[in-house]
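here's my sequence, what's the structure:
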Amino acid sequence: MELSIIVTSYKIPHLLSLCLEAIQNNVTIKYEIIVADSATEEATRDLIKENFPQVKFLANKKNVGFLRLVNQSLDIAKGKYFFIINGDIILQKDSVEKMLDFLKKHPEVGMLGPQLINFDGSVQPSCFRFYRPITIFYRRAKFFKKNPWVKKELDWFLMKDKIKTKENYWEADWIMGSAMLVTRQAVEKVGKMDERFFMYMEDVDWCWRFWQQGFKVIYYPLAKVFHYHGKKSAGKSFFYDLLFNKYTHIHIISGIKFFLKHWKEKSPHQS
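Predicted coordinates for the structure are as follows:
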């Protein structure tokens, strides 16, 4: 088996259906599909059973988090390559084939990320430099974003200098976990995702470890996929979010865990 497509989902049966249909319609090579689902509902079970019986389905009674879904899937995946995507990703024609062709020609690359685009055609940020502690605060503090120092930090974090070059691909410190193609060889050496991160920073930490083990992480905008990327919150301000938004709390806690884990280490890569 050349490719395992790992799809993670959480209470999105309608989007998941579109995701799986796009895989069937747009991927031409031999593959298996593993769907790992959190807090599984009857609608999702019925969808898989009735419309996609060939899919390997991993159901969880509770919301176990993105990385646990990924790790469960990696335990049973048979492919030489693992394409990990969220259930709100819609593949375009030839996107997977382009990515696989790139990895085969560049064995030093352990992880490859496609360009994520909104359904209106605009590009989502999905390649980044490693966080500095202040970066998380600036990312959440929306009222500071017009400050030139804040803008400079965020532009650096979002790799806008690299994006402006319009190169075919470039090294990124980390890529968003919503869509990442990884090699079995790299995963066997690096290990699975660190389960101390329930949400946020798990993809950052994984990419950090890929670089530590000598595998490059590459952003590849020639391969494009649609990403629904529904907003998890609508906080009125940073202080409102800080007090009442659970996702802000989780992000900050995960950030603290990440910096405590790696504070003695030198960044394994700086793009």
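
tell me the SS of G110?
Counting by DSSP: H, G, I helix; E, B strand; the rest coil, the backbone at G110 sits in strand.

got the contact list for it?
Residues in contact with G110 (C-beta atoms under 8 Å, 6 or more residues apart in numbering) are 182-183, 185-186, 190, 210, 213, 215-217. Bear in mind the C-beta positions are built from the backbone N, C-alpha and C, glycine included.

so which of the residues you listed belong to helices?
185-186, 190, 210 (DSSP state H).

quick one, which of the contacts of G110 are buried?
Among the contacts of G110, those scoring as buried are 182-183, 186, 190, 210, 215-217 (criterion: 16 or more other C-beta atoms under 10 Å).

closest one of those residues to V109?
Compare each of the buried ones among the contacts of G110 with V109 using C-beta to C-beta and the shortest gap goes to K216, at 4.7 Å.

ok, that closest one - contacts?
106, 108-111, 171, 210.

farthest-apart pair in the contacts of G110, please.
Among the contacts of G110, Q185 and V217 lie farthest apart (C-beta to C-beta), at 14.5 Å.

and the gap between the closest residue to F259 other than its chain neighbours and K164?
Leaving aside its sequence neighbours, F259 sits nearest to P133 (C-beta to C-beta, 6 or more residues apart in numbering; 6.1 Å). Taking C-beta to C-beta, to the nearest Å as the measure, P133 falls 26 Å from K164.

could you do L16 as well?
35 Å.

which one's more surrounded, the two?
L16 (24 against 9; other C-beta atoms under 10 Å).

surely that one meets I89?
No. Contact criterion C-beta atoms under 8 Å: L16 and I89 do not qualify, at 10.1 Å.

which neighbours do the two have in common?
V7.

list the buried residues in stretch 23-38.
Going by 16+ other C-beta under 10 Å, stretch 23-38 has these buried residues: 23, 26-27, 31-38.

rewinding a little: so can I have a markdown table of the contacts of G110 showing distance to F137?
Shown next, in a markdown table, are the contacts of G110 (distance: C-beta to C-beta, whole Å):
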| residue | distance to F137 |
| --- | --- |
| V182 | 30 |
| T183 | 35 |
| Q185 | 37 |
| A186 | 32 |
| V190 | 29 |
| F210 | 26 |
| Q213 | 30 |
| F215 | 30 |
| K216 | 29 |
| V217 | 25 |
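
ok, of these, which one's closest to L47?
V182 (26.6 Å).

that closest one touches G79, doesn't it?
No. V182 is beyond contact range of G79, at 10.2 Å (criterion: C-beta under 8 Å).

give me the common contacts of these two.
Counting by C-beta under 8 Å, 6+ apart, nothing touches both V182 and G79.

check which helix or strand E195 maps to.
Using DSSP states H and E, E195 is not contained in any helix or strand.

give me the distance between the residue nearest to F259 and R139.
For P133, the distance to R139 - C-beta to C-beta - is 12 Å.

please say which of those two ends up with more neighbours.
Neighbour totals were compared for P133 and R139, and R139 leads with 19 against 11 (other C-beta under 10 Å).

show me what contacts the more buried one?
Counting by C-beta under 8 Å, 6+ apart, R139 has contacts 154, 157.

quickly find the element holding it.
For R139, the element it lies in under DSSP H and E is helix 133-140.

CA atoms only: put that helix into CSV for me.
Output in CSV follows, covering the C-alpha atoms of helix 133-140 (Å, rounded to 0.1, in the frame of the first residue of the first chain):
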residue,chain,number,x,y,z
PRO,A,133,6.5,33.5,23.6
ILE,A,134,5.2,36.9,22.6
THR,A,135,3.8,35.6,19.3
ILE,A,136,0.9,33.8,20.9
PHE,A,137,-0.2,37.0,22.8
TYR,A,138,0.0,39.1,19.6
ARG,A,139,-1.9,36.5,17.7
ARG,A,140,-4.8,36.7,20.2
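
quick one: mean pLDDT over it.
Averaging pLDDT along helix 133-140 yields 76.
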